[in-house]
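**Student:** Sequence and predicted model, in that order:
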Amino acid sequence: MAITTGGDSGEAERVRGFWRELGLPGLVDVHTHFMPKQVMDKVWAYFDSAGPLIGRPWPITYRSEEQARVETLRAFGVRRFSAMLYPHKPQMAAWLNAWAADFAARTPDCLHTATFFPEPDAADYVTRAIADGARVFKAHLQVGAYDPNDPLLDPVWGLLADAGIPVVTHCGSGPMPGKHTGPGPIGRVLDRYPGLRLIVAHMGMPEYREFLDLADRHPQVYLDTTMAFTDFAERDAPFPRDELARLAALGDRILLGSDFPNIPYPYVDALAALERLDLGAPWLRAVCHDNGARLFGIEEPAAP
């Protein structure tokens, strides 16, 4: 189908029309953000100021209170979503994890999300988060400005690899490079923990080729589509069209991500961008629902 885009009140129906035409029961979005209000407010203020890690104006399309944002995703037909949250300093991750556990308990369609930072008690609170039912972790190497090979994280990567719990990692150098972004640092982690289920956020933007290479070498590496292929991202970090064949071949390890609510365009625009790749309905079905449902053990809904 050809999706019309835009942020008017009919957007929810256009999103639902997209997945209905594909024969899907809804969407699985592995990269959405929910955080404590005081943290989200600071994140939005940073986007508003076009801070140095952003480098360009970045309006927040879905700036509303928490429950309204949950209901927006539900109106879109997002069956499962995440609460990607991350610390930018020590002694913050355990508090974020406690908040996320409560959010998941009161929001059953949210995948229980947790995070970590290189600090002496990281293994302890990651162990606790796993015991409490965390199903996905978030690591942000750009904002956290840490080396994923920090020895303090060795037990964390080991715990996650042994538990088979995916970790969504912002390790690409977009929108602005960090000291430890790029395929090199996280690639060394994968070499040491080959069983780690790593989800590369934003398709590794802008180092798309290099992160596709990483996925070729490591069968447990996935990539999420967050912001990739959209007009907003293509302006500064276009996906190389000569890699579309490899993108198609890796179709069972590409996951839908959106960055909701922190996106500067309507949600439906991201779906339209995926459709414009012209990789076919089976690829879209896998990316927008089936791969995520399989990875997180999401059961098919009962027939009407």
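**Tutor:** Looks like it arrived, so ask away.
**Student:** mind listing the helices for the stretch 1-150 of the chain?
**Tutor:** Defined through DSSP state H, counting those that start in this stretch, the helices belonging to the stretch 1-150 of the chain, from first to last, are 11-21, 37-48, 66-76, 93-106, 122-131, 141-144.
**Student:** Tell me which of the ones you listed sits nearest to L250.
**Tutor:** Put simply, out of the helices of the stretch 1-150 of the chain the one that sits nearest L250 is helix 11-21, at 21.2 Å, with distance taken as Cβ to Cβ. Quick note: C-beta positions are derived from backbone N, CA and C, even for glycine.
**Student:** I'd like the mean pLDDT over the closest one, please.
**Tutor:** Averaged across helix 11-21, pLDDT comes to 97.
**Student:** now that helix against helix 66-76, angle please.
**Tutor:** Interaxial angle, helix 11-21 versus helix 66-76 (axes from the mean of the first three to the mean of the last three Cα atoms, to 10 degrees): 40 degrees.
**Student:** Off-centre distance for helix 11-21?
**Tutor:** Relative to the centre of its chain, helix 11-21 is centred 21 Å away, using Cα atoms, centre = their mean, to the nearest Å.
**Student:** So which bits of that helix are buried?
**Tutor:** Residues of helix 11-21 classed as buried under the neighbour-count rule (16 or more other Cβ atoms under 10 Å) are 11-12, 14-19.
**Student:** before we move on, what about stretch 216-223?
**Tutor:** Along stretch 216-223, these residues count as buried under the neighbour rule (16+ other Cβ under 10 Å): 218, 220-223.
**Student:** And for stretch 279-291?
**Tutor:** Within stretch 279-291, the residues scored as buried using 16+ other Cβ under 10 Å are 279, 283-291.
**Student:** Stretch 81-96 now?
**Tutor:** For stretch 81-96, the neighbour count (16+ other Cβ under 10 Å) marks 81-87, 92-94, 96 as buried.
**Student:** Which of those residues sits closest to D242?
**Tutor:** Distance to D242 across these (Cβ to Cβ) is lowest for M84, with 30.6 Å.
**Student:** quick one: contacts for that closest one?
**Tutor:** Each residue near M84 by Cβ atoms under 8 Å, 6 or more residues apart in numbering is listed here: 31-34, 113, 138, 168.
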